[in-house]
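*Asks:* Would you be able to build a 3D model of this:
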Amino acid sequence: MKILLINPWIYDFAAYDFWIRPLGLLYVAAELESDGHTVQLIDCLADYTAAKKFGTHVIRSERIEKPAALVHVPRYYKRYGISIAAFQKQVAQAGKPDYIGITSMMTYWYPGIVEVIRQCRDIYPEVPLVLGGVYATLCAEHSQELFPGVKLVTGRGIGRVHEFFGKQAGKLSGQPDRFFNHMPAYHLYKQPFETAAVITSIGCPFHCSYCAGPLLQPAFEQNSVEAVLAEIKQYVEEHHVADLAFYDDALFVRNEAHVKPILRGIIAAGWQIRFHTPNGLHIRYLDEELAHLLYQAKVRTIRLSFESVDPGRQRDSSSKTTAADLERAVTVLMSAGYTSRDLSAYVLAGLPGQPLAEVQQSIDFVHSLGIPVSLAEYSPVPGTLDFTKALQYEPRLAAEPLLQNCSVFPLSQYDFDDYNAFKTKNADINRKLCAS
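*Replies:* Residues are numbered from 1 along each chain as shown. Sure thing, here's the model as predicted:
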């Protein structure tokens, strides 16, 4: 069959290119190609207006009208990605497919899916639509009500997509339900790309109270060291990628058998490429050897998962880290050669019932170690423990995913002007640390 896969626009108050790639969709594409289907890709986010650091970019955006549920937020609402006209042109150029498959990410980005489906139905009204991904899985009831006639493929995507399209084609290949059967289908991008993302494992052995990881990927699965190095080699030698981001949720788990051998392989290969870790790293697993391997392998962006300095918050969230763990991690990283410009620690803000004073205390602790803070504003995720708590502050969360936005929910607890002043103050401290 001929299948058109689409990564929708982002509809939000802000969107950032942290080496952004629809990796799940690219793995699905590779699986479908291996089953003999012809696959084409439209990535609505692949349109940039300016270059930034390490191959990242400013994503093209257009101001649009805010939905009714968000009119109380005093910020501009935008559609991020290619223009509507460019999308229509790409769909027409792809030719009529047998199926159109659409992925989804943040639950509150669903307006992008609404527009994709509207456009596709206008152009090819008789072509069946299939929706999968995070929003489709976590908000299945909302998805079914909003998109009647669209087939939902929920849960762990690779196996379910393989099974669904196999049945439509009248055959199943017997391929095992494994995430890493194939490399992601980057070749579907028609334009050269200077950055890429790689994932060496899926899932996470931790069960943080705010995270939906176990709901989306119940099992923790690591790719082989050999397969990871072969994938990186292809990006470097065939595509000439200069910057590559690790998208793992648990990159450091079982580090002796996994990430350390990967880093040694990168160092031995001598590739002229920089690596980045935009997802928070588990600092408990950081030791001196791992810190030196990261530095020698040219891992240039290090983001540490810290969350909060408050022991009660740490215990209730996951018990995966302490203030002492962060202090030790920063020490070994700086001993390996890293500076304040390379490091940052994620601090959570806006958790249900979390006072702003607690957030400030956490930020002050991180700054006392000489590194900047990356403020991670809380987004209520359906199905998690903290989501139940969040309903006490915003009862409409379950019915309206737009209110699950990390730019919106903290305002149910904090005054907008006070919160903006708080963020500005700490951003100024970050800049001073990085300039020193």
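*Asks:* where does the closest residue to residue 99 other than its chain neighbours land on pLDDT?
*Replies:* Excluding its sequence neighbours, the residue lying closest to residue 99 (C-beta to C-beta, 6 or more residues apart in numbering) is residue 3, at 5.0 Å. For glycine as for every other residue, the C-beta is placed from the backbone atoms N, C-alpha and C. We have a pLDDT of 96 for residue 3.
*Asks:* again, but for residue 174
*Replies:* Note on residue 174: pLDDT of 56.
*Asks:* Quick one: low-confidence residue ranges for this protein.
*Replies:* Residue ranges of the chain with pLDDT under 70: 156-157, 169-178.
*Asks:* domain parsing for it?
*Replies:* 2-169, 194-435 (automatic domain parsing).
*Asks:* Any chance of those domains in CSV with mean neighbour count and distance to residue 184 as columns?
*Replies:* Listed next are those as CSV, based on neighbours: other C-beta atoms under 10 Å; distance: least, C-beta to C-beta, whole Å:
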stretch, mean neighbour count, distance to residue 184
domain 2-169, 18, 3
domain 194-435, 18, 8
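*Asks:* What strands flank the helix or strand the residue nearest to residue 99 falls within, and is each parallel or antiparallel?
*Replies:* Here residue 3 sits within strand 2-7, counting by DSSP states H and E. Using DSSP bridges, the strands paired with strand 2-7 in its sheet are strand 38-43 (parallel), strand 99-102 (parallel).
*Asks:* any idea how far residue 211 lies from residue 301?
*Replies:* The spacing between residue 211 and residue 301, counted by C-beta to C-beta, to the nearest Å, is 21 Å.
*Asks:* circling back to that earlier point, take the strands paired with strand 2-7 and lay them out in a markdown table including distance to residue 134.
*Replies:* Formatted as a markdown table, the strands paired with strand 2-7 follow (distance: least, C-beta to C-beta, whole Å):
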| stretch | distance to residue 134 |
| --- | --- |
| strand 38-43 | 16 |
| strand 99-102 | 12 |
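*Asks:* Go through those and name the closest to residue 418.
*Replies:* Ranking the strands paired with strand 2-7 by proximity to residue 418 (C-beta to C-beta) places strand 38-43 first, at 38.2 Å.
*Asks:* Sheet-wise, list the partners of the helix or strand that that closest one is followed by with their directions.
*Replies:* Next helix or strand after strand 38-43 toward the C-terminus (DSSP H and E): strand 48-51. Strand 48-51 has the following strand partners under DSSP bridges: strand 57-59 (antiparallel).
*Asks:* which element follows the partner strand toward the C-terminus?
*Replies:* Next element after strand 57-59 (DSSP H and E): strand 61-64.
*Asks:* What is the next helix or strand after that following strand packed up against?
*Replies:* Per DSSP H and E, the first helix or strand lying C-terminal to strand 61-64 is strand 77-80. Packing partners of strand 77-80 (3 or more C-beta pairs under 8 Å, 6 or more residues apart in numbering; DSSP states H and E): strand 10-12, strand 61-64.
*Asks:* can you tell which of those strands is closest to residue 204?
*Replies:* Comparing the helices and strands packed on strand 77-80 against residue 204 with C-beta to C-beta, the closest turns out to be strand 10-12 (23.9 Å).
*Asks:* Next up, the contacts around residue 340.
*Replies:* 370, 371, 372, 433, 434, 436 (C-beta atoms under 8 Å, 6 or more residues apart in numbering).
*Asks:* which among the residues you listed gets closest to residue 51?
*Replies:* Of all the contacts of residue 340, residue 434 has the smallest distance to residue 51: 19.2 Å, by C-beta to C-beta.
*Asks:* I'd like to know how far the residue nearest to that closest one when sequence neighbours are not counted sits from residue 57.
*Replies:* Leaving out its chain neighbours, the residue that sits closest to residue 434 by C-beta to C-beta, 6+ apart is residue 341, at 5.0 Å. Using C-beta to C-beta, residue 341 is found at 20 Å from residue 57.
*Asks:* swap in residue 280?
*Replies:* Note on residue 280: its distance to residue 57, by C-beta to C-beta, is 22 Å.
*Asks:* try residue 403
*Replies:* Residue 403 sits 29 Å away from residue 57, going by C-beta to C-beta.
*Asks:* now do residue 33
*Replies:* 28 Å.
*Asks:* Would you map the strands across the stretch 251-400 of the chain?
*Replies:* 274-282, 299-307, 343-349, 373-377 (DSSP state E, counting those that start in this stretch).
*Asks:* That concludes my questions; thank you for your assistance.
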